[in-house]
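I'll drop the sequence and a predicted model, then ask my questions.
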Amino acid sequence: MIFNWQNENWNRLLTQRDRLPHALLLAGPQGGGKAQFARTLAARLLCEKATGTELACGECLACGWFAAGNHPDFRLVEPDSADSGEDDGVSESDTTVSASAGKKKSDAIKIGQIRALSDFLAVGTHRQGARIVIIQPAEAMNQATANSLLKVLEEPSANTLFLLVTHNGARLLPTIRSRCQSIDFPKPNRDEALAWLQLNKPEKLAKNKQLSDLLAHVGGMPLAAVRAAESADKFEQFLADLIAIKSVGPVATAAKWEPWLKDGKDGKSDIDKSTLTTWLQKWVYDLVAVHISGRVIYHESRLPALRAMVTGASAASLIDCYNELLRIKAVAQHPLNARLFLEDMLSRYARAVAVKNQLKQ
């Protein structure tokens, strides 16, 4: 499947199927379904029955192999701990080129994964048709890995199409970008995204107002909103606690949030320190925006509370807090003591909104 906001790109690519370059760079904000699009396009190009701009038939031999994850002319290259951030259903399979088994999972695409494509690219296609390689997210390649891919892109094999999916094209080597035809996947318009969410909304979000709030908080990206819905209850509590921090204080709030970092299936929570830091960053960003312009980006329904929070706080202190959160985010994945991490982060926020620091009480 593809999403409504991708129809234009889909029709354009399928219309020029016989003139496609050897590499496409699918670029756009995270949460819009680019990885799903890449996989759907791969299935369509490998399908032996579909015509025109139709989706893959799902019935031919090639579609059966693709669905089972063992099509001989398809490879998926991604980090071992890959998470596209789009909930797109792309998962490990026999056609996934992963790093060495038994080793610690990584967030990077390793040079060995690109080199492992050599045998795949050296022989002809099994079905005398297309050969597809998806690399996602492309920015997960370091310079050595990217240079290894560059050699492949400079001498492309016949009938081979590389689909590079990126959430941040600026992090790719210019030489990689220059050898790909870039396909832009902009953010869907708000009405289109909301309409899709209303049809596909998680059970936790029964009210349209909740959908609108959640969509705004994730920057208008509908698939990101679906993922964020898993933590919707905690997010609501998070905002309530930030608003109440003037009376509760950072220490008590930190104690309240600490279990969130531990609760979850198999002892793994759906919220980590990085998530909480990002949530707080967006809240402080809106505090700065309200202070300076009276407008907000992420929390429109909380505008009255935001206005109340900035009373007595200076724009400089809020901007300093935001910059401090950027530094905190950089170390959020380190094995830090959860309580101390939260107390430190919340104390900085409390000072920024002119709340008395209660750590010494």
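Structure received. From a predicted model like this one, the values you see are computed outputs, not experimental measurements.

list the buried ones in stretch 32-50?
Applying a neighbour-count criterion of 16 or more other CB atoms under 10 Å, one finds 32-47, 50 buried in stretch 32-50. For every residue, glycine as well, the C-beta is placed using N, CA and C.

now that stretch: mean pLDDT?
Averaging pLDDT along stretch 32-50 gives 95.

tell me which strands and helices the host helix or strand of Ser148 is in contact with?
Taking DSSP states H and E as the definition, Ser148 sits inside helix 143-154. If contacts are counted by 3 or more CB pairs under 8 Å, 6 or more residues apart in numbering; DSSP states H and E, helix 143-154 sits against helix 111-115, helix 174-178.

winner for burial among those?
helix 111-115 (a mean of 19; mean count of other CB atoms under 10 Å).

now that one, how far from the centre of its chain.
23 Å (CA atoms, centre = their mean, to the nearest Å).

which one's the longest helix in this structure?
Counting by DSSP state H, the longest helix found in the chain is helix 273-293.

and that one, what's its mean pLDDT?
Rounded mean pLDDT across helix 273-293 is 95.

alpha carbons of that helix, as CSV, please.
Written as CSV, here are the backbone C-alpha positions of helix 273-293 (Å, rounded to 0.1, in the frame of the first residue of the first chain):
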residue,chain,number,x,y,z
LYS,A,273,15.2,9.3,28.5
SER,A,274,15.6,10.6,25.0
THR,A,275,11.8,10.6,24.5
LEU,A,276,11.2,12.6,27.7
THR,A,277,13.9,15.1,26.7
THR,A,278,12.4,15.6,23.3
TRP,A,279,9.0,16.1,24.8
LEU,A,280,10.4,18.8,27.1
GLN,A,281,12.3,20.4,24.3
LYS,A,282,9.1,20.9,22.3
TRP,A,283,7.3,22.3,25.4
VAL,A,284,10.2,24.8,26.1
TYR,A,285,10.3,25.7,22.4
ASP,A,286,6.6,26.7,22.6
LEU,A,287,7.3,28.6,25.8
VAL,A,288,9.9,30.6,23.9
ALA,A,289,7.5,31.1,21.0
VAL,A,290,4.7,32.3,23.3
HIS,A,291,7.0,34.7,25.1
ILE,A,292,8.3,36.2,21.8
SER,A,293,5.3,36.0,19.4
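
on that earlier part again, pull the CA atoms of the helix holding Ser148 into CSV?
Written as CSV, here are the backbone C-alpha positions of helix 143-154 (Å, rounded to 0.1, in the frame of the first residue of the first chain):
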residue,chain,number,x,y,z
GLN,A,143,31.8,7.8,5.7
ALA,A,144,33.6,4.5,5.1
THR,A,145,30.3,2.7,4.4
ALA,A,146,29.1,5.5,2.2
ASN,A,147,32.3,5.4,0.2
SER,A,148,31.9,1.7,-0.3
LEU,A,149,28.3,2.3,-1.6
LEU,A,150,29.7,5.1,-3.8
LYS,A,151,31.8,2.6,-5.7
VAL,A,152,28.7,0.5,-6.4
LEU,A,153,26.7,3.5,-7.5
GLU,A,154,29.5,4.7,-9.9
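
where in the protein is pLDDT low?
Scanning the chain for pLDDT under 70 picks out 81-106, 201-209, 263-270, 355-361.

next, the buried residues of the helix holding Ser148.
Across helix 143-154, burial judged by 16+ other CB under 10 Å covers 145-146, 148-150, 152-153.

so what touches it?
The contact list for helix 143-154 (CB atoms under 8 Å, 6 or more residues apart in numbering) reads 22-23, 108-111, 113-115, 117, 121, 135, 141, 162, 172-173, 175-176, 179-180.

continuing past that helix, what's the next helix or strand?
strand 160-166.

so which of the buried residues of stretch 32-50 are in helices?
Reading helices off the buried residues of stretch 32-50 with DSSP H, I get 34-46.

pull the number of nearby residues for Ala68.
11 (other CB atoms under 10 Å).

equivalent analysis for Gly249, please.
19.

roughly how far does it sit from Lys273?
For Gly249, the distance to Lys273 equals 20 Å [CB to CB, to the nearest Å].

could you do Leu303 as well?
Distance from Leu303 to Lys273, by CB to CB: 28 Å.

can you check Ala195 too?
Applying CB to CB to Ala195 and Lys273 gives a distance of 34 Å.

the more surrounded of these two?
Using other CB under 10 Å, the more surrounded residue of Ala195 and Lys273 is Lys273, with 22 against 14.

got the contact list for the closest residue to the more buried one other than its chain neighbours?
Spatial nearest neighbour of Lys273, chain neighbours left out: Ala332 (4.2 Å); criterion: CB to CB, 6 or more residues apart in numbering. Contacts for Ala332 (CB under 8 Å, 6+ apart) come out as 272-274, 277, 341.

redo that, cut-off 6 Å
273-274, 277 (CB atoms under 6 Å, 6 or more residues apart in numbering).

and the helices in the stretch 251-361 of the chain?
273-293, 303-309, 315-330, 338-352 (DSSP state H, counting those that start in this stretch).

just put those helices in CSV and tack on distance to Phe3.
Output for the helices of the stretch 251-361 of the chain, formatted as CSV (distance: least, CB to CB, whole Å):
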stretch, distance to Phe3
helix 273-293, 24
helix 303-309, 30
helix 315-330, 29
helix 338-352, 35
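
mind giving me the domain ranges of this protein?
Split into domains by automatic domain parsing, the chain comes to 4-184, 244-352.

export the ones you listed as CSV, with columns for distance to Arg190.
Formatted as CSV, the domains of the chain follow (distance: least, CB to CB, whole Å):
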stretch, distance to Arg190
domain 4-184, 11
domain 244-352, 11
